[in-house]
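# The following block contains a protein sequence and its predicted model.
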Amino acid sequence: MAIFHEAQITINGKPLTIGESMTIRVACTAFLHELNDPETNDSLGPIAVSYEANLRVILALIKGAK
């Protein structure tokens, strides 16, 4: 049996389920990956740098929770 170690994420006072936390992690990872596409990065303009920085912080916090 697999043991899942997802971050304990709370939004507006509501703790997310393991599945919901997993969804956040996967979405952040996918968006960070998408930012590696020059076309996507260019279309977002300067905000892409901020998105990438914030995604890296969030994913580091999630990784630290495992």
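Received the coordinates, thanks. For clarity, every value in this text was computed on a predicted model and none was experimentally measured.

# how close does the closest residue to Ala65 other than its chain neighbours sit to Leu16?
The shortest distance from Ala65 to any non-neighbouring residue, by CB to CB, 6 or more residues apart in numbering, is to Ala7 (3.7 Å). In this view, the C-beta of every residue, glycine as well, is placed from N, C-alpha and C. Distance, Ala7 to Leu16, by CB to CB, to the nearest Å: 9 Å.

# same deal with Leu59?
For Leu59, the distance to Leu16 - CB to CB - is 16 Å.

# Spatially nearest residue to Thr29, not counting backbone neighbours?
Take Thr29 and drop its neighbours on the chain: the residue closest to it by CB to CB, 6+ apart is Leu59, 6.7 Å away.

# State the helix or strand in which the residue nearest to the spatial centre of the chain lies.
Centroid-nearest residue in the chain: Cys28, 2.5 Å away (criterion: CA atoms, centre = their mean). Element membership of Cys28, judged by DSSP states H and E, is helix 18-34.

# buried set for that helix?
For helix 18-34, the neighbour count (16 or more other CB atoms under 10 Å) marks 21-22, 24-25, 28, 32 as buried.

# how distant is that helix from the center of its chain?
Relative to the chain's own centre, helix 18-34 is displaced by 5 Å; criterion: CA atoms, centre = their mean, to the nearest Å.

# on that earlier part again, tally of neighbours for the residue nearest to Ala65?
The burial count assigned to Ala7 is 19, neighbours taken as other CB atoms under 10 Å.

# doesn't Ile58 make contact with the residue nearest to the centre of the chain?
Yes: the pair Cys28 / Ile58 is scored as a contact, 5.5 Å apart, by CB atoms under 8 Å.
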